[in-house]
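Q: Below are the sequence and a predicted model; questions follow.
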Amino acid sequence: MKKPTQILHISAECYPAAKTGGLADVVGALPKYLNEAQVRAQVIIPKYDLLWINEQNWQEVYTGSVWMGYYDQPFRILSISQEVLGFELLSVELLGKFDRPGIYADPHGHPYGDDVDRFVSFQKAVLKWVQQLEKVPDILHCHDHHTGFIPFFTKHCPEYQSLSKIPTVFTIHNGKYHGDFGWDLRYMLPHFDNWVGGLIEWQGRINPLAAGIKSCWKLTTVSNTYLEELRTDSGGLEWLFREEAHKSMGILNGIDTVVWDPSTDPSLSFTLKKSVSNFKRENKKPIIAEYGLDPALPLISFIGRFAIEKGADVLPDLVYQTFDNNFPVNLFILGSGDPTITGALNGMQPRYAGKFNTFIGYNEDLAHQIYAGSDFLFMPSRVEPCGLNQMYALRYGTIPIVRRTGGLQDSVVDIGDEGGSGIMFNHVLTGDILHAFYRATVLFGDKKKFKQVQGNNMQLDFSWQKSASIYVSIYKELQKKIA
């Protein structure tokens, strides 16, 4: 009997172990669906000092050390069984590197200053462990710049020559972050001949994102539109994305429909029985009551980081313009980030009490309740490689109001078009968003059409099965090249 293809996903994040955004959601869901498709998928991440990680029963599977240019860095590979998450999760324990209360920054939001050292040692440790395995993975699937050196190391560094025939897939979840650094830190990298140094260089600096793009066997992004956008706007890598088009593919992410199931979700105050109207009404009630909003008005919500790429800088002016122009809506905002935005939003609460409120921070249960209880979810993203929030909203009968960009454009159809599922706008401007809000109030007032769109949206399939099958095809295609 033929053994299943074995995939090792290498990532900085994986839900529920370590999460700051969509990268974690993808790496925490895709392997489950690959396993269902008879592909053996594992995930390996750094071992952070985080609550979920500390609560698990880890088993040591390997111990070793890697040379970091002037010192030996010891490490351990730890594992928890597949029964916990639906796939085997491994972690790399690197004392002094990741045993901190945060992934990229401390609890006060200050970035750690030694990420080059941290993630180079992580990648070296992963490869050293893989080398000694009796059965090495068939594919190394790397995610974002934190793992971008692995395709280069396995191809061009003598130390990892034994892994050179293992195909690599490199998936870009957010091309904004390159992880680049100066050549003065080259000593941290394993030896390679000078003539291949150009494969890790971009604009005079060592660039792990560029290294992954140049050296991987297959390049993917998390939506087709985002792949096109990277060819015109990727922080200086535009030419490279165009040059590597022959091995590139955009694959829209899916969502974990077991976690995001309106009929079983334990975070909800009311699960879906038969009536969509009852489901929406009963889940809206606790939000309205808890945050003092108007039950007669549509509830428009925002969930996300207060960051420029999410369009959060428009939120204060949007709140002001919405209510000073007497729009008949409730606005609720769940998020955290930029302290200036946070302060402005908090300062507006008393003025617009009864129609506007916020929850500053992040609460997973509240997020699920908002997806289920809101009438609309708006995403004014400047950059959205794929976006999962709009898919969660659609799954829970909440109509997305989104900007035409990246994966939002690939997953939402404007209600003015056939099969319309949401409301779209073109620019991250208060005026454009207010026009979208106006369209939302018109739709909300047309009860028959509103309920029809809600019901149709909940039937849309954004599960991982389709996307996982595309990845399986990619893996098989790469295996044929070395057969």
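A: Structure's in. What do you need?
Q: only C-alpha atoms for contact and neighbour calcs from this point on.
A: Will do.
Q: longest single helix anywhere in this structure?
A: helix 464-482 (DSSP state H).
Q: Centre of the chain to that one, how far?
A: Here helix 464-482 is found 21 Å from its chain centre; the criterion is Cα atoms, centre = their mean, to the nearest Å.
Q: which of the residues in that helix are buried?
A: The neighbour-count check on helix 464-482 (16 or more other Cα atoms under 10 Å) flags 464-465, 467-468, 471-472, 475, 478-479 as buried.
Q: Over to stretch 152-171?
A: Buried-residue list, stretch 152-171, by 16+ other Cα under 10 Å: 152-157, 159-160, 163-164, 166-171.
Q: Same question for stretch 277-284.
A: 279-284.
Q: if we can go back for a sec, hmm, which two among the buried residues of stretch 152-171 are most spread apart?
A: Glu159 and Thr171 (24.3 Å; Cα to Cα).
Q: what's in contact with the helix or strand containing Phe378?
A: Assigned by DSSP states H and E, Phe378 falls within strand 376-379. Applying Cα atoms under 8 Å, 6 or more residues apart in numbering, the external contacts of strand 376-379 come out as 298-303, 310-311, 371, 390, 393, 398-403, 440.
Q: Recalculate using a threshold of 6 Å.
A: The contact list for strand 376-379 (Cα atoms under 6 Å, 6 or more residues apart in numbering) reads 300-302, 398-402.
Q: Now the buried residues of stretch 277-284 in JSON lines, please, with extra columns for secondary structure.
A: Shown next, in JSON lines, are the buried residues of stretch 277-284 (DSSP: H, G, I helix; E, B strand; the rest coil):
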{"residue": "Phe279", "secondary structure": "helix"}
{"residue": "Lys280", "secondary structure": "helix"}
{"residue": "Arg281", "secondary structure": "helix"}
{"residue": "Glu282", "secondary structure": "helix"}
{"residue": "Asn283", "secondary structure": "helix"}
{"residue": "Lys284", "secondary structure": "helix"}
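Q: Let me know the closest of the residues you listed to Phe450.
A: Nearest to Phe450 among these, with distances taken as Cα to Cα, is Lys280, at 12.0 Å.
Q: That closest one contacts Tyr371, doesn't it?
A: No: using Cα atoms under 6 Å, Lys280 is not in contact with Tyr371; the gap is 9.5 Å.
Q: what ranges do the helices span in the stretch 51-200 of the chain?
A: 51-55, 82-85, 115-131, 150-156 (DSSP state H, counting those that start in this stretch).
Q: Just the residues contacting the second one, thanks.
A: Contacts with helix 82-85, where a contact means Cα under 6 Å, 6+ apart, come from Glu88.
Q: Could you pull up the mean pLDDT of that helix?
A: Helix 82-85 carries an average pLDDT of 86.
Q: gap between it and the chain center?
A: 21 Å.
Q: what comes up buried for it?
A: By 16+ other Cα under 10 Å, helix 82-85 has no buried positions at all.
Q: What of the first one?
A: Judged by neighbour count (16+ other Cα under 10 Å), helix 51-55 contains no buried residues.
Q: elements contacting it?
A: Here helix 51-55 touches no other helix or strand, going by 3 or more Cα pairs under 6 Å, 6 or more residues apart in numbering; DSSP states H and E.
Q: Quick one: residues in contact with it.
A: Under the criterion Cα under 6 Å, 6+ apart, residues Ala17 lie in contact with helix 51-55.
Q: ok now that helix, how far from the chain's centre?
A: Between the centre of helix 51-55 and the centre of its chain there are 21 Å (Cα atoms, centre = their mean).
Q: Likewise for the third one?
A: Taking Cα atoms, centre = their mean, one finds helix 115-131 lying 22 Å from the centre of the chain it belongs to.
Q: Same question for stretch 321-337.
A: Counting by Cα atoms, centre = their mean, stretch 321-337 is centred 26 Å from the centre of its parent chain.
Q: Could you chop this structure up by domain?
A: According to automatic domain parsing, the chain is divided into the following domains: 6-254+464-482, 276-457.
Q: And these: which comes nearest Asp265?
A: Across the domains of the chain, closest to Asp265 is domain 276-457 (Cα to Cα), at 8.2 Å.
Q: Direction included, what does the strand holding Phe378 pair up with?
A: Strand 376-379 has the following sheet partners, assigned by DSSP bridges: strand 299-306 (parallel), strand 399-403 (parallel).
Q: Can I get the longest one in CSV, CA atoms only?
A: Listed in CSV are the C-alpha atoms of strand 299-306, where the atom choice follows Å, rounded to 0.1, in the frame of the first residue of the first chain:
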residue,chain,number,x,y,z
LEU,A,299,-25.8,46.8,13.7
ILE,A,300,-22.6,47.4,11.7
SER,A,301,-19.4,46.0,13.3
PHE,A,302,-15.7,46.2,12.8
ILE,A,303,-13.3,43.5,14.1
GLY,A,304,-9.6,43.9,13.6
ARG,A,305,-6.3,45.5,14.4
PHE,A,306,-6.1,49.3,14.6
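Q: Rounded mean pLDDT for it, please.
A: The predicted model assigns strand 299-306 a mean pLDDT of 96.
Q: And the contacts of that strand?
A: 312, 330-338, 374-378.
Q: before we move on, what about the shortest one?
A: Residues outside strand 399-403 that contact it (Cα under 6 Å, 6+ apart) are 376-380, 390, 422-426.
Q: quick one: the next helix or strand after it to chain centroid distance?
A: Once strand 399-403 ends, the next helix or strand along the chain (criterion: DSSP H and E) is helix 406-411. Taking Cα atoms, centre = their mean, the mean C-alpha location of helix 406-411 is offset from the chain mean by 14 Å.
Q: now stretch 231-241
A: Stretch 231-241 sits 20 Å away from the centroid of its parent chain (Cα atoms, centre = their mean).
Q: how many neighbours does Gly343 have?
A: Neighbourhood size, Gly343 [other Cα atoms under 10 Å]: 12.
Q: pull the CA atoms of the helix or strand where it lies into CSV?
A: Following DSSP H and E, the helix or strand that holds Gly343 is helix 339-348. Taking Å, rounded to 0.1, in the frame of the first residue of the first chain, the C-alpha atoms of helix 339-348 are listed here in CSV:
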residue,chain,number,x,y,z
PRO,A,339,-3.1,54.2,20.8
THR,A,340,-4.1,57.3,18.9
ILE,A,341,-7.0,55.5,17.2
THR,A,342,-7.9,53.8,20.5
GLY,A,343,-7.9,57.2,22.4
ALA,A,344,-10.1,58.9,19.7
LEU,A,345,-12.6,56.0,19.7
ASN,A,346,-12.8,55.9,23.5
GLY,A,347,-13.4,59.7,23.6
MET,A,348,-16.4,59.4,21.2
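Q: Buried residues in that helix, which are they?
A: Within helix 339-348, the residues that count as buried by 16+ other Cα under 10 Å are 341-342, 345-346, 348.
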